[in-house]
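Colleague: What follows is a predicted structure for the sequence shown.
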Amino acid sequence: VDLGLFAQYVMNGLMLGMMYALVAVGFTLFFGVLDVIKFSHGDVLTVGAFSALATFIGLRAVGVDSNGLQLLAMLIVAIGAMAILGAVIARAFVLPLRSAPALNTLLITLMLGTVLRESVRLFYPDGANPKPFPRLLPTDSISFGNFNLRLDNAIMLAAGVLVIVGLQLLLSKTKLGLAIRAVAQDEETAKTMGINFNLIVLITFAIGSGLAAFAGVMNGLYYNEMNFGIGLYLGVVGFSAAIVGGLGNIYGAILGGFLFAALQTSGSVLLPFASAYKDVFAFGVVIAIMAWRPTGLIPEKLSERV
Amino acid sequence: MAPQQMKAVESILPGAVALALATVYLIVLLRVENQTTILILLAIGIATVVAANWLGWLTPVGRSFGEREDVLGLLSIVAAIVVAGYFHGDHFVLLLLCTVLLYTVATLGLNLQFGYAGVLNFAGASFFGIGAYTAAVLNQHTAIPHLIVLLIGGLVAALIGCLLLLPVLRTRGHYAAVVTIAFALLFKTFLEVNDVLGGPQGLQVRSMNVLGWSFNNNIGIGSLQVSFYASYFVTSLLILIGGFTLVRRLERSWIGLNLDALRLDETAARCFGLNIVRWKVTAFLLGNFLIGIAGTLQGMVVGFVQPNSYTFADSLIFVSILLLGGIGNPWGVVVATLIVVIVPEKLQAIQEYRFLLYAALVMVVLLFRPEGLLPRPVRSYFPGWRS
């Protein structure tokens, strides 16, 4: 066993896991406050990543050359814009359908995702083809035998950890976090305690969508390429990661994200045919997980009043 | 005429008139090439329907279709043949009509799963594609008669659907949706990386050949030249008639009643002793069988298959047709397929934007008219019976 190579795989798995976890946390947040699944979540990520790319091109045209400044502006624009988009989606399409059957929410967000995805494909210049994403982080690397630790990966991983810790602090230590948790636990009681339910829902959707934008930029920086279908892929994977951990449970979502990445990485290492079929394998794992644990490793309590 | 006969004619009349008008409109729409004229025609069509609805003229039409479905169904077949007969030499229009018929069959299959049993399937295009790829492989490498290939295509689609049975049965709602979405994405990526099935370029499909009659030869009857697509049209129409009858009979029967019960309230249905698993499996497999047959013939009609024809977006087109037409109403499926398939083909400006437009359209439908254009009528236990 080559320890260096092993470490390399672990690093790749951690990067993937971080992205999956960030997407999965969004699903879990939405499910927590509204008990709905927002299928457009992945495509919000796509729009976020493309808006970051557009910001980069814009800045370069204006003559801003500092990588740090560019990246900062990209993150602010992408996260800010997607937070607004997420709140608008919640306001316009999710909240109005609360009294309709759950199926309608599923369908409308699915169709909304298609609208976003197709809009990127059709209206972003040459959006149907893969786009190069700039390398904005230092690419120096430190070698330990076969293990090549790249600085940009380390930075991204650290940034991801910071974001998740920040989110956790927000949820557990602030008044806003208390309100979000209250709404998630019991809508009626939260309302009687004077919590503005609609506002909290909108804020939660904004936070989740901002996380997706962050994950989108991270994905772009990691692969240095992206296409309009990336959000659909990350959305499906992120959703199943959220399910593995049990919807409505933040730790579960993070755990699920890393678990999924671990499965995927070990699968592509251990199975000889898997490198070409790595996406096929990933979706196969999604289906297998759903069959194995339909409501997750930490299942939500399911009792139906008839 | 005896009064009873008078009454029978009266109840057919509104439906027959509406059908005749729709046929003429369809012929004119398919005939016109000029884009501006098409736009005007579409506007007239929409305005007419809205006005008729406002004047209350659509209610008798709906009632007559409900009461005399047998006669009006036959008349619809005649109407389809009239339209095809009018365009007998036009390859493009006949191909378009074949597409409409086969998409209708596929969406009827989806209707069985989604509309009656409540089993979500967002991988319709994948099962359609499984049929088409089956046709490509079998027609190329075996000498199996092509009518049997149609059947095999449906069976293969149902069989591969079995892989999804366990996850689909164990999950509900959102979870089941993700299973089928994952399958749709898996299927397309699989086709793209698989060299045996032609990779991204896809495969050629040999044309249909029944009892030595090759479907790819133009037909000449005296001085009359008929497009070779006419044979495909007839085959598609036969499949649609079979599929429609099957779905309609199933819906009317106690099986349909069981499916409705388990969709509306699974717990209650189980309490009344319905075998949930059996009916979900039946609906899912039968639906995929129909989708697969339609896909098999579609593959032979088009002549080649490629992964890009069977994407998740195409699956959503099937779902859009179903939602637009009205979940659970086969007639709604027919009308919606006509709209969804023909409009972007005629209006070339929107061809590229069709996925976007239909997704947006379905969102509007869900927000403002969730039951679709032609809502499913209340189950009539005895056709034609009124209290």
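Modeller: Cool, got the structure. Remember, it's a predicted structure, so these values are computed and weren't measured experimentally. Residues are numbered from 1 along each chain as shown, chains lettered A, B, ... in the order given.
Colleague: Going by C-alpha atoms from here, please, whenever you check contacts or count neighbours.
Modeller: Will do.
Colleague: From the structure, what's the count of residues near B:Gly303?
Modeller: Using other C-alpha atoms under 10 Å in any protein chain shown, B:Gly303 is surrounded by 18 other residues.
Colleague: and chain B, which of its residues are near chain A?
Modeller: With the criterion set to C-alpha under 8 Å from any C-alpha of the partner chain, chain B comes near chain A through B:164, B:166-168, B:170-171, B:173-175, B:178-179, B:181-183, B:185-187, B:189-190, B:193, B:267-268, B:313, B:316, B:353, B:355-357, B:359-360, B:362-363, B:366-367, B:370.
Colleague: Show the buried residues in those.
Modeller: Using 16 or more other C-alpha atoms under 10 Å in any protein chain shown as the burial test, the residues of chain B next to chain A include B:164, B:166-168, B:170-171, B:174-175, B:178-179, B:181-183, B:185-187, B:189-190, B:193, B:267, B:313, B:316, B:353, B:355-357, B:359-360, B:362-363, B:366-367, B:370 as buried.
Colleague: Out of the residues of chain B next to chain A, list just those in helices.
Modeller: B:166-168, B:170, B:173-175, B:178-179, B:181-183, B:185-187, B:189-190, B:193, B:267-268, B:313, B:316, B:355-357, B:359-360, B:362-363, B:366-367 (DSSP state H).
Colleague: pretty sure B:Gly129 is touching B:Gly295, no?
Modeller: Yes. Judged on C-alpha atoms under 8 Å, B:Gly129 makes contact with B:Gly295 at a distance of 5.9 Å.
Colleague: can you give me the mean pLDDT across stretch B:341-361?
Modeller: Mean per-residue pLDDT for stretch B:341-361: 84.
Colleague: Restrict that stretch to CA atoms and write it as CSV.
Modeller: Coordinates of each C-alpha in stretch B:341-361 appear next as CSV, following Å, rounded to 0.1, in the frame of the first residue of the first chain:
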residue,chain,number,x,y,z
VAL,B,341,-44.7,18.5,-30.2
ILE,B,342,-46.1,20.5,-33.1
VAL,B,343,-45.8,24.1,-32.0
PRO,B,344,-42.0,24.2,-31.6
GLU,B,345,-41.6,22.3,-34.9
LYS,B,346,-43.7,24.9,-36.8
LEU,B,347,-42.4,28.0,-35.0
GLN,B,348,-38.7,27.6,-35.6
ALA,B,349,-37.9,30.6,-33.5
ILE,B,350,-38.8,28.8,-30.3
GLN,B,351,-37.4,25.3,-31.3
GLU,B,352,-34.2,26.0,-29.4
TYR,B,353,-36.0,27.3,-26.4
ARG,B,354,-38.6,24.5,-26.0
PHE,B,355,-37.3,23.0,-22.8
LEU,B,356,-37.2,26.5,-21.2
LEU,B,357,-40.6,27.4,-22.5
TYR,B,358,-42.3,24.2,-21.4
ALA,B,359,-40.8,24.3,-18.0
ALA,B,360,-42.0,27.8,-17.6
LEU,B,361,-45.4,26.9,-19.0
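Colleague: Low-confidence bits of chain A, can you list those?
Modeller: Low-confidence segments of chain A (pLDDT under 70): A:1, A:272-275, A:295-306.
Colleague: and it, which residues reach chain B?
Modeller: Counting by C-alpha under 8 Å from any C-alpha, the residues of chain A close to chain B are A:37, A:93, A:97, A:102-104, A:106, A:108, A:111-112, A:114-115, A:118-119, A:122, A:236, A:239-240, A:276-277, A:279-280, A:283-284, A:286-288, A:290-292, A:294-295, A:306.
Colleague: Show me just the buried residues among those residues.
Modeller: A:37, A:93, A:97, A:104, A:106, A:108, A:111-112, A:114-115, A:118-119, A:122, A:236, A:239-240, A:277, A:279-280, A:283-284, A:286-288, A:290-292, A:294-295.
Colleague: hey, which helix is longest across the chain?
Modeller: With no chain named, the answer covers chain A. As assigned by DSSP H, the longest helix anywhere in chain A is helix A:3-34.
Colleague: ah, no, chain B please
Modeller: Looking across chain B with DSSP H, the single longest helix is helix B:3-31.
Colleague: where exactly do the helices run in chain A?
Modeller: Ranges of helices within chain A are A:3-34, A:41-62, A:67-89, A:102-123, A:151-173, A:175-185, A:187-192, A:197-223, A:230-245, A:250-270, A:278-292, based on DSSP H.
Colleague: Output those in a markdown table, with distance to B:Gly256 appended to each entry.
Modeller: Listed next are the helices of chain A as a markdown table, based on distance: least, C-alpha to C-alpha, whole Å:
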| stretch | distance to B:Gly256 |
| --- | --- |
| helix A:3-34 | 33 |
| helix A:41-62 | 36 |
| helix A:67-89 | 37 |
| helix A:102-123 | 21 |
| helix A:151-173 | 48 |
| helix A:175-185 | 39 |
| helix A:187-192 | 38 |
| helix A:197-223 | 40 |
| helix A:230-245 | 33 |
| helix A:250-270 | 40 |
| helix A:278-292 | 27 |
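Colleague: Which strands or helices does the longest helix of chain A pack on?
Modeller: In terms of contacts (3 or more C-alpha pairs under 8 Å, 6 or more residues apart in numbering or on different chains; DSSP states H and E), helix A:3-34 is packed against helix A:41-62, strand A:147-150, helix A:151-173, helix A:175-185, helix A:197-223, helix A:230-245, helix A:250-270.
Colleague: Quick one: closest of the ones you listed to B:Thr107.
Modeller: With C-alpha to C-alpha as the measure, helix A:230-245 is the member of these nearest B:Thr107 (23.6 Å).
Colleague: Quick one: residues contacting the residue nearest the centre of chain A.
Modeller: Nearest to the mean C-alpha position of chain A, by C-alpha atoms, centre = their mean, lies A:Val23 at 1.8 Å. Contact analysis of A:Val23 by C-alpha atoms under 8 Å, 6 or more residues apart in numbering or on different chains lists A:His41, A:Gly42, A:Leu211, A:Ala212, A:Ala215, A:Leu234, A:Gly235, A:Gly238, A:Phe239.
Colleague: Hmm, A:Ala212 and the first one touching each other?
Modeller: Yes. Counting by C-alpha under 8 Å, a contact exists between A:His41 and A:Ala212, whose distance comes to 7.4 Å.
Colleague: Which residues are in contact with each of the two?
Modeller: A:Val23, A:Gly26.
Colleague: higher neighbour count, those two?
Modeller: Legend: neighbour count by other C-alpha under 10 Å for A:His41 and A:Ala212, higher for A:Ala212 (38 against 31).
Colleague: excluding its backbone neighbours, what's nearest that one?
Modeller: For A:Ala212, ignoring the flanking residues on the chain, the nearest one in space by C-alpha to C-alpha, 6 or more residues apart in numbering or on different chains is A:Leu45 at 4.9 Å.
Colleague: How many residues are close by the one you found?
Modeller: As a burial measure, A:Leu45 scores 33 neighbours (other C-alpha under 10 Å).
Colleague: and it, how far is that from A:Leu95?
Modeller: 21 Å (C-alpha to C-alpha, to the nearest Å).
Colleague: how close does the closest residue to A:Ser143 other than its chain neighbours get to A:Thr139?
Modeller: Leaving aside its chain neighbours, A:Ser143 sits nearest to A:Leu149 (6.1 Å; criterion: C-alpha to C-alpha, 6+ apart). Distance check for A:Leu149 against A:Thr139: by C-alpha to C-alpha, it reads 10 Å.
Colleague: which residues touch the closest residue to chain A within chain B?
Modeller: In chain B, the residue that lies nearest chain A is B:Pro167 (3.9 Å; C-alpha to the nearest C-alpha). Applying C-alpha under 8 Å, 6+ apart to B:Pro167 gives the contacts A:Ile287, A:Ala288, A:Met290, A:Ala291, A:Trp292, A:Pro294, B:Ala176, B:Val179.
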